[in-house]
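**Q** got a predicted structure here, sequence first:
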Amino acid sequence: MKKALVLGASGATGQILVTLLIQKGFKVLALVRKTSIEKAPFAAHDNLELIEAEISTISIDSLAQYTHQCEVVCCCLGHNISFRGILGPPWRLVADAVQKVSRAIEQKDAHSKTKFILMNTSGCTNPDIPETPPLSQRLITSILRVFLPPLVDNEKAVEFLRLTIGQKHEKIEWVAVRPDDLINETHVSDYEIHASPIRNVIFDAGKTSRINVADFMSELAVNHDLWQQWKGQMPIIYNNQPEV
Ligand SMILES: NC(=O)c1ccc[n+]([C@@H]2O[C@H](COP(=O)([O-])OP(=O)(O)OC[C@H]3O[C@@H](n4cnc5c(N)ncnc54)[C@H](OP(=O)(O)O)[C@@H]3O)[C@@H](O)[C@H]2O)c1
């Protein structure tokens with residue numbers, strides 16, 4: 001049976017992703033903090049294994065025990081929306097996790113490549129294309145970089161994939177999925193995927209439901225053609241907006 005490791009599995013998007021991956025035939029290894037396991041966000045399932053661990057303190061060797069079993073690793077980690085979560089440590093939660101997972105995967109002897117799917121944000125640009133956000137967006141983003149550590153964390157995380165892992169890594173292929181303004185919906189709806197933002201991320205953000213993000217991430221895990229289309233890129237995802 002195919003296996004997927006999910007980081008941030010206790011989060012709003014991570015929980016949905018776990019469910020969808022199981023529905024699509026994966027056994028899911030969900031790495032979660034003790035405090036989150038106690039909150040019991042998961043229904044028991046034969047194809048769900050909860051791994052109680054702190055991503056910031058787990059060793060690369062320990063992490064490798066899990067990444068070696070998996071053909072897909074998904075990361076939905078993000079800073080909790082609280083004063084401490086946004087401004088307090090760990091300031092490099094996501095970037096350090098991405099590096100640690102990558103180092104763990106690199107220890108694998110097998111020649112098969114692991115898919116690494118990162119939940120990122122439309123606030124990060126993709127200089128590979130290149131993208132030139134509107135001036136107003138660039139100005140606000142440069143201010144947010146000073147006051148909003150999670151933005152810099154997300155930028156560092158995807159920069160590591162772009163520049164250090166790159167496009168020709170022998171063991172890792174990656175996609176960084178960039179949602180716009182996240183909302184909650186109960187069902188998957190029509191959504192559109194673009195290589196770059198088609199809206200001003202600050203002044204005209206689109207809506208992206210978490211369940212659509214999870215659906216796209218799980219489709220990347222199972223759909224070979226979709227993976228080939230987006231690997232090494234940073235697709236933007238928006239809910240389809242009804243015509244007015
Ligand atoms: N808000 C937006 O509009 C928006 C838009 C685009 C992209 N994003 C990005 O998408 C991410 C995921 O969104 P979401 O709403 O699904 O996030 P969420 O519900 O806040 O989930 C965050 C996950 O990260 C984990 N986490 C937080 N701090 C941690 C720490 N110090 N150590 C280990 N794990 C930690 C949480 O674990 P616990 O349950 O243990 O706390 C949880 O599993 C965001 O954080 C952001 O980077 C957000």
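**A** Structure received.
**Q** tally of neighbours for the residue in the chain that the ligand sits nearest to?
**A** At 1.5 Å from the ligand, Gly78 is the closest residue in the chain, using Cβ to the nearest ligand atom. In this view, the C-beta of every residue, glycine as well, is placed from N, C-alpha and C. Counted by other Cβ atoms under 10 Å, the residues lying close to Gly78 total 21.
**Q** same deal with the one 5 residues further on?
**A** With neighbours defined by other Cβ under 10 Å, the count for Phe83 comes to 8.
**Q** next one: the one 4 residues further on
**A** Leu87 is flanked by 13 other residues according to other Cβ under 10 Å.
**Q** pLDDT value on it, please?
**A** Here, the pLDDT recorded for Leu87 equals 86.
**Q** residues contacting it?
**A** Pro149 (Cβ atoms under 8 Å, 6 or more residues apart in numbering).
**Q** show me where this protein has strands.
**A** 3-7, 27-32, 48-52, 72-75, 114-119, 172-179, 181-183, 191-194, 207-209, 236-239 (DSSP state E).
**Q** so which of those is nearest Ser142?
**A** Checking those against Ser142 by Cβ to Cβ gives strand 172-179 as the closest, at 18.5 Å.
**Q** could the strands of the chain be laid out in CSV, adding distance to the ligand and mean pLDDT?
**A** Shown next, in CSV, are these (distance: least, Cβ to the nearest ligand atom, whole Å; pLDDT from 0 to 100):
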stretch, distance to the ligand, mean pLDDT
strand 3-7, 8, 98
strand 27-32, 6, 97
strand 48-52, 11, 96
strand 72-75, 9, 98
strand 114-119, 5, 98
strand 172-179, 4, 98
strand 181-183, 4, 98
strand 191-194, 14, 98
strand 207-209, 7, 98
strand 236-239, 9, 98
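**Q** re earlier: wait, the residue of the chain closest to the ligand sits on Ala12?
**A** No - contact criterion Cβ atoms under 8 Å: Gly78 and Ala12 do not qualify, at 9.1 Å.
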